[in-house]
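Undergrad: Sequence and computational prediction follow.
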Amino acid sequence: MMADRIRITILTRALQAAADEMAANLIRSAFSAVVREARDCSTALLDPSGQVVAQADMIPMQTAALSCSFSAAAQQLDLSGVGPGSAIIMNDPYSGGQHLNDIILFSPIFHSGRLLGWAGSTAHHLDIGGGSAGVNTRATELIQEGLIIPPLLLDVERDWHGGMFERLIFANIRTPQIGRGDIDAQFASNHIGARRIREMADRFGADAVLTAMAEVLDYSERRMRAAIAALPDGTWTGEAWMDGDGWDANSQPIRIVAAVTISGSEATIDFTGTDPQVRTMFNSPIASTIAGAVTAIRSILDDIEIPANDGCNRPLRIVAPKGSILNPRDGAPVRARATASCRALDAVHDAMGKLIPGRVPAQGSNSTTGLFMSWPRPEGGVAIHMDVLGGGWGGARDYDAIHCTDHVLSSCRLTPSEAIEQLSPHVRIEGFGLIADSWGAGEFNGGLGMFRKYRILRDGVVLSLYSDRFRLPPKGREKGMDGTCASLTVERNGETIELGATSTFELQAGDLVEIRLPGGGGWGDPILRDRKAVGQDLADEVISAAFAARHYGFSAEAAASMDRFEGGNDAREG
């Protein structure tokens, strides 16, 4: 019996290692900077029924609801004839997908004619057609955002490799070479996952592999239930706000409401009362909303080492009324869905902060900032620069937050300036750094925001942006201060042009575009911040003397005296 338990443990670790290897393969094989550099992609292994049993540590929004995608595909397709040469491809947000740029690919895993599971990958594709290159900021229908791919069952040899489906897709995409390379990278990633599962079956037997898949799901469920059961029973309500609907700069803020109910070892998250869907791309499809809710709960439980798989979801019930911004009706645009999903996370955290106040962080920037600069090449085609940018995270008890990092549901990396200039002949990076004084002050500070400056080198470049936090800053917690707001400007011939969070603007050669993203909220009363830490922040020039005096009550004289101070009772004194 002990030997069996050890074998199962080894196999569950092997499943995780295989999912991680899939991610490494996808990143290294991809053509686009958004996958290769920003790492906007995810990989996972699923059991034969489509439950995620292991996922790489990549994009929670993509992986936390991947089984929703497979379930929708299984409902729409006849999978009885699936074979080793089959694949499922999709991107439809109303069939379990995310947004149209996230193409999802499932490949079956067979061993001696027996289906052992599925390898799954998601990658954000630079262009998916639609009304404009990069992003259509004025889309009011999903179809205006690009090519919609419902769940389709492919014969890879017939339909891909120059086949009918491949030709159809890339006849509708502005960057076919890049897109084809990224989907081929997804096929390669899935191939690696399938190979590793077959090798496990060769060594330990297919039954042992399936047993390990079932056990890792049950194990995560047990730990998730135990963590929930440690919380007191009851219902708590929280809220969070988006700047507006993304259409009118003066529109009313959008309210997200979450009621969290703890009952024994189960939790219900009910978003009833959330504002209706909007006409713009800021709606969140149900898969993205589920990902936000699941991540919100998991991130503040005591047990932070629970293996991430669908077993974690079993004790959770999520309610999102149809027609709300968190579960829009079919056909509504969803390109910028991450902002509403992040506010769902913020609202759940606001509710949980009333239940376990010491454990919930302040708000971070918590919105996807997608900045695009497209340029029609003289020889034909289009060059698209895409930046996925992040601000500061929220501070929390016992630690300061990280700086200029994409939000917790995404975790994309910043694309290096060198990569941008190598791939984009119409753009040069002229500035990139942290913004001093941008965090929310607290006993534990929020993270700093960032700026990036782009010099435009060609006429005819079109700037498109979707973001948030231009009007409402990240909120502090436990007497911590709010962070700062975002901004977007264009300098042209000595004039500064201010643009909003959702913008499309034609640029001229010589223009200087600057995006500035928020710092995160602070946690705890700033007066309680460690005096040495304030002094170090001043020395590092991440805050000014005026900021230190205003928020921490820290003067230049105090800084000078600290240079002479050695030892002492409490660094917070003086």
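TA: That came through, no problem. Numbering: from 1, shown residues only.

Undergrad: can you list the residues that contact stretch 468-476?
TA: Residues from elsewhere that reach stretch 468-476 (Cβ atoms under 8 Å, 6 or more residues apart in numbering): 241-244, 253, 339, 362-367, 369, 391-392, 394-395, 440, 442, 446, 482-488, 500-501, 517-523. Glycine gets a C-beta too; all of them are placed from N, C-alpha and C.

Undergrad: Next, count neighbours for the closest residue to G392 other than its chain neighbours.
TA: Nearest residue to G392 in three dimensions, chain neighbours excluded: G447, at 2.9 Å (Cβ to Cβ, 6 or more residues apart in numbering). G447 is flanked by 30 other residues according to other Cβ atoms under 10 Å.

Undergrad: My guess is G447 contacts G520. True?
TA: Yes: at 4.7 Å, G447 counts as touching G520 under the criterion of Cβ atoms under 8 Å.

Undergrad: Give the residues shared as contacts by these two.
TA: 364, 391-395, 401, 439.

Undergrad: Quick check: which ranges of the stretch 201-350 of the chain have low pLDDT?
TA: Within the stretch 201-350 of the chain, no stretch has pLDDT under 70.

Undergrad: need the helices for it, in chain order.
TA: In the stretch 201-350 of the chain, helices defined by DSSP state H, counting those that start in this stretch lie at 206-229, 286-300, 337-355, listed in chain order.

Undergrad: Serialize these to a markdown table and add fields for mean neighbour count and distance to R158.
TA: Formatted as a markdown table, the helices of the stretch 201-350 of the chain follow (neighbours: other Cβ atoms under 10 Å; distance: least, Cβ to Cβ, whole Å):
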| stretch | mean neighbour count | distance to R158 |
| --- | --- | --- |
| helix 206-229 | 19 | 28 |
| helix 286-300 | 26 | 29 |
| helix 337-355 | 26 | 33 |
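
Undergrad: And the shared contacts of G447 and G520, which of them are buried?
TA: Using 16 or more other Cβ atoms under 10 Å as the burial test, the shared contacts of G447 and G520 include 364, 391-395, 401, 439 as buried.

Undergrad: so the residue nearest to G392 is in which element?
TA: For G447, there is no host helix or strand (DSSP states H and E).

Undergrad: And it, how far from L434?
TA: Using Cβ to Cβ, to the nearest Å, one gets 9 Å for the distance from G447 to L434.

Undergrad: Now the common contact residues for the two.
TA: Residues touching both G447 and L434 by Cβ under 8 Å, 6+ apart: 403-404.

Undergrad: What is the nearest of the shared contacts of G447 and G520 to A19?
TA: Proximity of these to A19 (Cβ to Cβ) peaks at W393, which lies at 25.3 Å.

Undergrad: how near is that closest one to T175?
TA: Applying Cβ to Cβ, the value for W393 to T175 is 32 Å.

Undergrad: With G449 instead?
TA: Note on G449: its distance to T175, by Cβ to Cβ, is 30 Å.

Undergrad: who's more crowded, these two?
TA: Per other Cβ under 10 Å, whichever of G449 and T175 has more neighbours is G449, with 31 against 21.

Undergrad: Next, A119: secondary structure please.
TA: Of the three states, A119 takes strand under DSSP: H, G, I helix; E, B strand; the rest coil.

Undergrad: Okay, and the beta partners of it?
TA: L45, S107 (DSSP bridges).

Undergrad: which residues touch it?
TA: A119 makes contacts with 22, 43-46, 106-107, 109, 189-194, 197, as judged by Cβ under 8 Å, 6+ apart.

Undergrad: do L301 as well
TA: Per Cβ under 8 Å, 6+ apart, neighbours of L301: 224, 227-228.

Undergrad: Confirm that E418 sits in a helix.
TA: Yes: the assignment for E418 by three-state DSSP puts it in a helix.

Undergrad: can I assume S374 is in contact with S464?
TA: Yes: assessed by Cβ under 8 Å, S374 is found in contact with S464 at 7.4 Å.

Undergrad: Quick check: neighbours shared by these two?
TA: Listed contacts common to S374 and S464 are 132, 134; contacts here mean Cβ under 8 Å, 6+ apart.

Undergrad: Could you check what's spatially nearest to I149, not counting adjacent residues?
TA: Using Cβ to Cβ, 6+ apart, the closest residue to I149 is N91 (4.6 Å).

Undergrad: What segments of the stretch 451-574 of the chain are helices?
TA: 531-539, 545-552, 556-564.

Undergrad: got a list of what the residue nearest the centre of the chain touches?
TA: Closest residue to the average C-alpha location of the chain: S410 at 1.6 Å, with Cα atoms, centre = their mean. Residues counted as contacts of S410 (Cβ under 8 Å, 6+ apart) are 40, 59-61, 338, 368, 388, 390.

Undergrad: And for R529?
TA: Counting by Cβ under 8 Å, 6+ apart, R529 makes contact with 441-445, 552, 572.

Undergrad: before we move on, back to that, spell out which two among the buried ones among the shared contacts of G447 and G520 are the most distant pair, please.
TA: Pairwise distances across the buried ones among the shared contacts of G447 and G520 peak at 13.2 Å for G391 and G395 (criterion: Cβ to Cβ).

Undergrad: Once you drop chain neighbours, what's closest to Q252?
TA: Leaving aside its sequence neighbours, Q252 sits nearest to G244 (Cβ to Cβ, 6+ apart; 6.6 Å).

Undergrad: what does the model give A351 for pLDDT?
TA: pLDDT recorded at A351 is 98.

Undergrad: What of the one 10 residues further on?
TA: Reading off the confidence values, P361 has pLDDT 97.

Undergrad: Confirm that it sits in a strand.
TA: No: going by three-state DSSP, the assignment for P361 is coil, not a strand.

Undergrad: does it really touch D350, like I thought?
TA: No: using Cβ under 8 Å, P361 makes no contact with D350, being 11.2 Å away.

Undergrad: list residues touching both of the two?
TA: Common contact partners of P361 and D350 (Cβ under 8 Å, 6+ apart): none.

Undergrad: G117 is nearest to which of the helices of the stretch 201-350 of the chain?
TA: The closest of these to G117 is helix 206-229. By Cβ to Cβ, the value is 6.7 Å.
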